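Asker: Give me a model of this one.
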Amino acid sequence: MADSHLITPFPAEINRYYFGTWLSGFTDGEGCFRLYLNGATKTPAAKFAISLRRDESDILQLIHSYFLCGAVDLRDPKPPSKPQAVFRVDKGIDLATIIVPHFEQFPLMAKKRLDFGLWAQAVRLIYSVSLRPIRLRWTEEDRNQFYDLQDTLHEQREYR
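Answerer: Below is the predicted model of the structure:
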């Protein structure tokens, strides 16, 4: 797996507003808003990701340069799966101050907008908890609120 954390400048010839609207539509089809428990500490966490075939990684690099955060990972899964490229953002500050505001300015239009609403609430919770002194982080009430959002997100994703 190779990682690309270097962010290239966003091309001046591309209109950022139009790209932002396109990106929200693209995310409706290809994006993922994920809530999970991180590692052995079981700390609540969130991630935004877009996965594509590796031969389409140029668009992920462009998205990376648009957001000015995150990373593009190149993955070689076991056959018969094909090589993949994944743009991901998992830092709480980037999710709360860049990703959430983007999708509030350029709203999703398909069913994924429901996922985003719950996910954004959880991101705001994670970020607000991260700003507290360490000894005051993640109260039982905070964790229960996160678990409720996570459960509701999974339930609404079920195919009906």
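Asker: At the geometric centre of the chain, which residue sits there?
Answerer: Nearest to the mean C-alpha position of the chain, by Cα atoms, centre = their mean, lies residue 48 at 0.9 Å.
Asker: Can you give the distance from the helix or strand where that residue lies to the centre of its chain?
Answerer: When secondary structure is defined by DSSP states H and E, residue 48 falls within strand 43-53. Mean-position distance between strand 43-53 and its chain equals 5 Å (Cα atoms, centre = their mean, to the nearest Å).
Asker: Within its sheet, name the partner strands of that strand and how each one runs.
Answerer: strand 31-38 (antiparallel), strand 84-89 (antiparallel) (DSSP bridges).
Asker: Only C-alpha atoms, please: export the shortest one in CSV.
Answerer: As requested, the backbone C-alpha atoms of strand 84-89 are provided in CSV (Å, rounded to 0.1, in the frame of the first residue of the first chain):
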residue,chain,number,x,y,z
GLN,A,84,-8.0,0.5,-5.5
ALA,A,85,-7.4,4.1,-4.6
VAL,A,86,-9.1,5.7,-1.6
PHE,A,87,-9.3,9.3,-0.6
ARG,A,88,-9.9,9.5,3.1
VAL,A,89,-10.2,12.1,5.9
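Asker: Going by neighbour count, list what's buried in the strand holding residue 48.
Answerer: 43, 44, 45, 46, 47, 48, 49, 50, 51, 52 (16 or more other Cβ atoms under 10 Å). Every C-beta, even on glycine, is put in place using the N, C-alpha and C of the backbone.
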